[in-house]
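Chemist: Quick one: sequence and predicted model below, then my questions.
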Amino acid sequence: MDKELVSNGNRKVLKPETLMMGYGYKPELSEGAVKCPIFQTSTFVFENAKDGKEFFEMAHGTREPGKHGAGLIYSRINNPDLEILEDRLTIWDGAEACAVFDSGMAAISTAVLELLKPGDVLLSSEPIYGGTEHLFESTLTKFGIQTLNFGVQHTRQQIIEIVERAGAADKLRMIFFETPANPTNCLIDIDMCVEIAKHFSTKDRKVLTALDNTFLGPVFQHPIKHGVDLVIYSATKYIGGHSDVVAGACLGSKELINRIKSLRVALGSMASPLTGWLLLRSLETLKMRMTTAAQNAQEIAEWLSTHPKVEKVLYLGLLKRDNPQYIIYKKQCLSPGAMISFLVKGDELASFRFLDSLKMVKLAVSLGGTESLAEHPAAMTHSAVGLEKRKEFGIADNLVRLSVGVEAAEDIIWDLDQALSQI
Ligand SMILES: Cc1ncc(COP(=O)(O)O)c(C=O)c1O
């Protein structure tokens, strides 16, 4: 499937949701199969030794790829399921290139290990996914890479001062951030981060920006259009969307993604052919799933906000026009998405009672699946965050996080209502 169709001189540029059905796949290369098969093979037969030599030259970047791409060698280097998936994933974000991985953490760790070196400083937003924080604080420090932090409350000037006060102005190499922040749904201004990166960049040292777009992307937030260099996903979440696969993706310029792919070959952090195939299938319903889940979430958030057992609801679709966060929301988000956090009236016991009383919504971490999931950030996903930090970020003992699925909204509301009545 091509991006554009032409008939009688009329051109039609196809929408991303249409391209998800077939972009990058050529049935004629697979016995006419309408869907891309699973290329469950570790290695590929060369037609002759010259081809083998040339394919390796393409893989090393010393020869331009041929008509059908770089030539298949070995599934740690390339595989049709991954290559087609990578082409298709570039569509939503408008990226030049993509690399897929066997987890979101594999995507993040491979990207930062390739792009940072000893002596570099990484500036990271907080709160951030716990696995990412652990990688930055415990693993990168072993390689001499220091991490500085900023929060959603900091202004552009304050963030610049954090870097300058740490004596890191000439060592800053990357700004890594997550927006909306998990689990509070606070927003970080993407344009501001891009400006800060430019502020610290010099002729010889470009400060890169990397955004973990797992919560709203790839349908509802497009960071590359704001000038972000790298967009990263836990594809385990909305992209996979069925809570049955762990995967990751990283998107950006050809130059950066080629570098990241070289390290992926060395580390062996690529996705398997089956994972690639599962994600290709999931992409066909991505927009439908994300749209339905977001519609459900708006209805549920509005209902929760009037419930007598609920203290406060943190949901982008409830932001008031006079809230400065609303201005950021309008600039960079196309929908409030389907992640809701709310404070129940009471303490940890009250929120545990609520969670234990759910009958249909599952008590589980993770998010972005077709089914609704609820969890307790302070005791579960964010339990490794120190008490002081949890207080600072608003991760209270009565906070519950809900990943809204595509079930009937009235069924989810019925379940939440009966569980709230148990408090
Ligand atoms: C925002 C975010 N980024 C990254 C990850 C890590 O992804 P994975 O579990 O696929 O390695 C997660 C996992 O929960 C996440 O929520």
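Modeler: Cool, got the structure. Note that the structure is predicted; figures quoted are calculated from it, not measured. Residues are numbered from 1 along each chain as shown.

Chemist: Just give the closest residue to the residue of the chain found nearest the ligand, not the sequence neighbours.
Modeler: Relative to the ligand, the nearest point of the chain is Gly104 (2.4 Å; CB to the nearest ligand atom). C-betas here are computed from N, CA, C, even on glycine. Leaving aside its sequence neighbours, Gly104 sits nearest to Ser234 (CB to CB, 6 or more residues apart in numbering; 2.7 Å).

Chemist: Contacts only, for that neighbour.
Modeler: Residues in contact with Ser234 (CB atoms under 8 Å, 6 or more residues apart in numbering) are Ser103, Gly104, Met105, Ala107, Tyr129, Asp212, Thr214, Ala247, Gly248.

Chemist: closest to Glu47 among those?
Modeler: Comparing these against Glu47 with CB to CB places Ala247 closest, at 31.6 Å.

Chemist: Which residue is the nearest non-sequential neighbour of the closest one?
Modeler: Ala235 (3.9 Å).

Chemist: Against Glu114, how distant is the one you found?
Modeler: 19 Å (CB to CB, to the nearest Å).

Chemist: just to revisit the earlier point, among the contacts of Ser234, which are located in strands?
Modeler: Asp212, Gly248 (DSSP state E).

Chemist: Let me know whether the residue of the chain closest to the ligand touches Thr214 as I believe.
Modeler: Yes. Gly104 lies in contact with Thr214 (CB atoms under 8 Å); the separation is 6.7 Å.

Chemist: Check which helices and strands the helix ranked longest in the chain is in contact with.
Modeler: When the chain is scanned for its longest helix (criterion: DSSP state H), the result is helix 286-305. For helix 286-305, the elements it packs on are helix 16-19, strand 310-314, strand 339-344, helix 409-420, judged by 3 or more CB pairs under 8 Å, 6 or more residues apart in numbering; DSSP states H and E.

Chemist: Next, count neighbours for Lys362.
Modeler: Neighbourhood size, Lys362 [other CB atoms under 10 Å]: 15.

Chemist: So for the closest residue to it other than its chain neighbours, what's the pLDDT?
Modeler: Using CB to CB, 6+ apart and skipping residues adjacent in sequence, the residue nearest Lys362 is Leu373, 5.2 Å away. If you check Leu373, the pLDDT there is 98.

Chemist: thinking again about what came up before, any idea how far Leu85 is from the residue nearest to Ala247?
Modeler: For Ala235, the distance to Leu85 - CB to CB - is 9 Å.

Chemist: Please identify every residue contacting each of these two.
Modeler: Overlap of the contact sets of Ala235 and Leu85 (by CB under 8 Å, 6+ apart) consists of Val100, Leu279.

Chemist: can you tell me which residues contact Met339?
Modeler: With CB under 8 Å, 6+ apart, Met339 has these contacts: Pro180, Asn182, Pro183, Asn185, Phe215, Ala297, Tyr315, Leu367, Arg401, Leu402, Ser403, Val404.
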